[in-house]
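Novice: This is a predicted model, with the sequence first.
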Amino acid sequence: MKIGIVCYPTFGGSGIVATELGKALADKGHEVHFVAYRQPVRLNDQVNNIVFHEVRVADYPLFEYPPYELSLACKLLDVVKYEKLDLLHVHYAIPHAYVAYLTKQMLAEEGIHIPVVTTLHGTDITLVGKSPALIPAVNFSINHSNVVTAVSKHLREETLNCFSIRKEIKVIPNFIDFDLHNYTFDKDLHMNYAPNREKIMIHISNFRPVKRVADVIRVFVNVRDKMPVKLLMVGDGPQREVAEYLCRDMGCSDDVKFLGKTQDVSRLLAISDLFVLPSEKESFGLVALEAMAAGIPVVSSNTGGLAHVNINGVTGYTSEVGDVAKMSNDAISLLSDKGKYNDFAQNALSVAKEYDICKILPLYEAVYREALETIK
Ligand code: GMT
């Protein structure tokens with residue numbers, strides 16, 4: 001098949017899922033065309049069967065808000081027509097689903113019919129989409145997609161509860177492509193961050209308020225009261241400074257490294273002992289799954305689909321959002337009991353293997369076939 005994939009190219013789970021799905025499809029022989037305003041972060045190496053098309057947003061002094069949607073629709077029109085795509089798979093409802101609808105309509109005028117698959121990821125529904133002013137557009141674009149998928153049951157339920165959706169929403173969970181991740185332990189890197197063989201806790205996110213990074217610091221400080229430990233804070237975003245100031249206030253800056261954005265999370269996960277994800281909301285929690293794939297137990301909140309990925313008492317522990325005391329105790333109990341730690345680490349890896357891309361890719365291919373049927 002010739003598939004057009006539209007995604008946000010930034011350091012967010014939806015872009016990562018889109019990119020790694022596209023790579024796997026290309027590997028299987030499909031021709032994949034990524035369309036985004038920048039090269040997606042994990043589309044770093046040249047892969048057979050993959051073409052990247054950059055959307056250049058028109059810039060003109062009159063435009064206080066440059067029309068991204070229009071530029072994307074025109075780029076999609078061009079790519080579908082000249083690359084002869086079979087279907088479009090758009091990640092993140094806003095604005096990609098309604099841009100795809102516009103493209104579909106423009107193409108129909110020319111006698112070209114292309115189905116659209118929309119994948120809902122989370123914040124497009126839970127945060128952005130629930131702004132009352134956006135609801136009609138989200139309803140419309142979901143209802144006019146040929147096939148709709150969501151990355152967890154929880155997200156499907158939330159979408160059905162909050163919007164007026166007439167379409168079936170299929171659940172296709174996120175996945176790990178083990179071939180794309182190298183979880184080899186790097187002794188020098190470990191020594192660099194934990195010179196006295198301290199345990200390493202790690203958090204990776206885009207530091208938006210929904211990630212509750214201050215809770216990560218508070219949990220870390222409680223753990224550090226009990227044992228030698230270091231914390232790696234990976235990523236960047238609006239709450240990074242807040243977290244840095246909190247570290248200074250709590251006197252733990254020497255033990256916390258803010259590493260900023262990095263493409264190579266696998267190397268950092270491979271040297272870490274515990275992943276912390278206290279999010280307010282998480283439709284799935286792909287980053288927790290990536291940690292589990294590295295064999296690291298997870299201490300997290302129990303929000304949304306995250307509780308289904310990080311299984312309480314098996315792959316780690318889950319707590320109510322904001323329950324720093326319980327998260328701290330859970331982290332201490334895991335890091336101080338070697339036998340328990342090893343069991344949880346093994347469980348984390350086994351559960352991650354249930355989400356191997358080999359199992360998930362056929363589900364997307366089936367959805368594509370179904371979408372193609374809808375236009376026959
Ligand atoms: O929350 C983020 O960091 C980014 C966001 C996105 O859309 O890129 O992530 C959402 O999609 C991910 C991939 O499907 C999910 O794993 C995340 O749980 C989800 N984030 C939220 O629901 C807050």
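Specialist: Ah, there it is.

Novice: so what's Ser164 closest to, chain neighbours aside?
Specialist: Asn139 (5.1 Å; CB to CB, 6 or more residues apart in numbering). Using the backbone N, CA and C atoms, a C-beta is placed for each residue, glycine as well.

Novice: I meant Leu160, not that one.
Specialist: Excluding its sequence neighbours, the residue lying closest to Leu160 (CB to CB, 6+ apart) is Ile169, at 6.8 Å.

Novice: Next: Gly22.
Specialist: Looking at Gly22 with CB to CB, 6+ apart, the closest residue is Val32, at 4.4 Å.

Novice: Equivalent analysis for Thr159, please.
Specialist: Once flanking residues are discounted, Thr159 sits nearest to Ile125: 5.0 Å by CB to CB, 6+ apart.

Novice: Pull the contacting residues for the one you found.
Specialist: Residues in contact with Ile125 (CB atoms under 8 Å, 6 or more residues apart in numbering) are 93, 138, 155, 158-159, 162-163, 283.

Novice: which strands and helices sit next to the helix or strand encompassing Ser328?
Specialist: Using DSSP states H and E, Ser328 sits within helix 324-336. When contacts are defined as 3 or more CB pairs under 8 Å, 6 or more residues apart in numbering; DSSP states H and E, helix 324-336 packs onto helix 213-224, strand 274-277, strand 298-301, strand 316-319, helix 338-353.

Novice: please redo it, this time with the cut-off set to 10 Å
Specialist: strand 199-204, helix 213-224, strand 229-234, strand 274-277, strand 298-301, strand 316-319, helix 338-353 (3 or more CB pairs under 10 Å, 6 or more residues apart in numbering; DSSP states H and E).

Novice: my guess is the residue nearest to Leu160 meets His154, correct?
Specialist: No - with contacts counted by CB atoms under 10 Å, Ile169 stays clear of His154, the gap being 11.6 Å.

Novice: The two: who's more crowded?
Specialist: His154 (22 against 19; other CB atoms under 10 Å).

Novice: Name the nearest residue to the more buried one, ignoring sequence neighbours.
Specialist: Take His154 and drop its neighbours on the chain: the residue closest to it by CB to CB, 6+ apart is Gly305, 4.3 Å away.

Novice: from memory the one you found sits against Leu155, does it?
Specialist: Yes - applying CB under 10 Å, one finds Gly305 in contact with Leu155, separated by 6.2 Å.

Novice: Retrieve the pLDDT associated with the closest residue in space to Ala270 that isn't next to it in sequence.
Specialist: Nearest-residue entry for Ala270: Tyr183, 4.4 Å, with adjacent residues in sequence omitted and distances by CB to CB, 6+ apart. Turning to Tyr183, the model gives it a pLDDT of 94.

Novice: which residues sit in contact with Tyr183?
Specialist: With contact taken as CB atoms under 10 Å, 6 or more residues apart in numbering, Tyr183 is in contact with 266-267, 269-271, 290, 293-296, 349.

Novice: Just the buried ones among these, please.
Specialist: Neighbour-count burial within these applies to 267, 269-271, 290, 293-296, 349; the criterion is 16 or more other CB atoms under 10 Å.

Novice: ok so, going back, listing partners with orientation, what would you give for the one helix or strand the residue nearest to Gly22 maps to?
Specialist: If you go by DSSP H and E, Val32 is part of strand 31-36. Partner strands for strand 31-36, per DSSP bridges, with pairing direction: strand 2-6 (parallel), strand 50-54 (parallel).

Novice: Tabulate the CA atom coordinates of the last one in PDB.
Specialist: These are the backbone C-alpha positions of strand 50-54, laid out as PDB (Å, rounded to 0.1, in the frame of the first residue of the first chain):
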ATOM      1  CA  ILE A  50      10.100   6.200   3.300                       C
ATOM      2  CA  VAL A  51       9.700   9.700   1.900                       C
ATOM      3  CA  PHE A  52       9.400  12.800   4.000                       C
ATOM      4  CA  HIS A  53       7.400  15.800   2.700                       C
ATOM      5  CA  GLU A  54       7.800  19.000   4.600                       C
END
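
Novice: next one: it to chain centre, how far?
Specialist: Distance of strand 50-54 from the chain centroid (CA atoms, centre = their mean, to the nearest Å) equals 21 Å.

Novice: Could I have the CA atoms of the worst-scoring helix or strand of the chain on mean pLDDT written out in CSV?
Specialist: Within the chain, no helix or strand scores below helix 123-126, which has a mean of 83 by mean pLDDT, DSSP states H and E. C-alpha atoms of helix 123-126 as CSV (Å, rounded to 0.1, in the frame of the first residue of the first chain):
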residue,chain,number,x,y,z
THR,A,123,-4.4,15.2,24.7
ASP,A,124,-6.3,15.8,21.4
ILE,A,125,-9.3,14.5,23.3
THR,A,126,-8.7,14.9,27.0
